[in-house]
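A.B. asks: based on what follows, work out the 3D shape:
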Amino acid sequence: MRGDFVLLLGGMGTGKTIFSSQFVCNSTLKSSEPAVFATFEEDIKSLKRNMLNFGMDLSALEAQKKLKLIDLDVLEGRGLSSNIQVLLEALDEVKGRRLVVDSLTAFLAGTGEKFDYTFMMHLIYKTLKREGITTLMTASRQISGTQETGVEEFVADGIFQLESYQSEAIEMKTRFLVRKLRGTEHDRKYHSVAFTPSGLSILSFSG
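C.D. replies: From the prediction side, this is the model:
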């Protein structure tokens with residue numbers, strides 16, 4: 001829902017950045033909502049090049065002032081409050097209504113300061129909620145049956161999960177699960193994930 005805070009969990013190589021890029025591309029092209037994409041897992045040049053392989057021209061959206069890209073170099077070493085302010089100013093610059101932070105793990109590591117984690121998560125949540133920004137943040141996490149639940153998962157309005165698994169044919173595949181979506185009766189089944197030239201597709205689970 002508009003203004004919600006959604007957390008996308010997944011291990012390395014599960015497609016979190018592709019999913020996030022499609023989120024902002026769909027925002028600008030289909031919903032006419034400008035967006036900000038803060039990338040801390042890779043530099044902007046690499047992000048643009050890699051997403052072109054999936055039919056997403058981030059440079060074109062940036063040139064049209066529909067998308068603002070920010071990387072870790074801009075925020076590294078600054079305080080948390082300053083970094084949040086940078087994100088809000090970027091949203092204001094393009095009149096953005098959607099924000100991606102890829103990833104929350106790297107974003108927090110870049111602040112270079114010690115803080116109360118619970119307080120920090122509530123601060124981010126309340127600030128973005130107050131501004132009515134629909135937010136998607138990724139978190140690098142290996143999914144297992146004994147996975148740890150962090151405070152960010154209690155704060156989030158929604159939790160999406162991408163995970164790798166070994167199929168019956170002894171090959172590695174990716175599947176998608178909506179673990180939480182506050183205020184809705186959502187599907188609780190796994191879905192298959194296919195990587196295509198036009199991005200990431202979520203399909204009925206094939207095992």
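A.B. asks: going by C-alpha atoms from here, please, whenever you check contacts or count neighbours.
C.D. replies: OK.
A.B. asks: quick one, helices of the chain?
C.D. replies: According to DSSP state H, the chain carries its helices in the segments 16-29, 44-52, 58-63, 72-75, 80-94, 104-109, 117-130, 151-155.
A.B. asks: for the record, mean pLDDT for stretch 196-207?
C.D. replies: Average pLDDT, stretch 196-207: 89.
A.B. asks: okay, residue 129: pLDDT?
C.D. replies: For residue 129, the predicted pLDDT is 90.
A.B. asks: how about residue 114?
C.D. replies: At residue 114, the predicted lDDT confidence score is 60.
A.B. asks: now the farthest one out in the protein, which residue is it?
C.D. replies: Note on the chain: the largest C-alpha distance from the chain mean falls to residue 169, namely 30.6 Å (C-alpha atoms, centre = their mean).
A.B. asks: do you know which of the helices of the chain lies nearest residue 176?
C.D. replies: Ranking the helices of the chain by proximity to residue 176 (C-alpha to C-alpha) places helix 16-29 first, at 10.7 Å.
A.B. asks: how about stretch 173-193: buried residues?
C.D. replies: The neighbour-count check on stretch 173-193 (16 or more other C-alpha atoms under 10 Å) flags 174-181, 190-193 as buried.
A.B. asks: please apply the same query to stretch 121-132.
C.D. replies: 121-122, 124-125, 128-129.
A.B. asks: ditto for stretch 66-74
C.D. replies: Buried, per 16+ other C-alpha under 10 Å, within stretch 66-74: 66-72.
A.B. asks: between the buried residues of stretch 121-132, which sits nearest residue 93?
C.D. replies: Distance to residue 93, by C-alpha to C-alpha, is smallest for residue 128 among these, at 15.6 Å.
A.B. asks: okay, the buried residues of stretch 121-132 in JSON lines with distance to residue 47 next?
C.D. replies: As requested, the buried residues of stretch 121-132 are exported to JSON lines (distance: C-alpha to C-alpha, whole Å):
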{"residue": "121", "distance to residue 47": "26"}
{"residue": "122", "distance to residue 47": "29"}
{"residue": "124", "distance to residue 47": "25"}
{"residue": "125", "distance to residue 47": "26"}
{"residue": "128", "distance to residue 47": "24"}
{"residue": "129", "distance to residue 47": "27"}
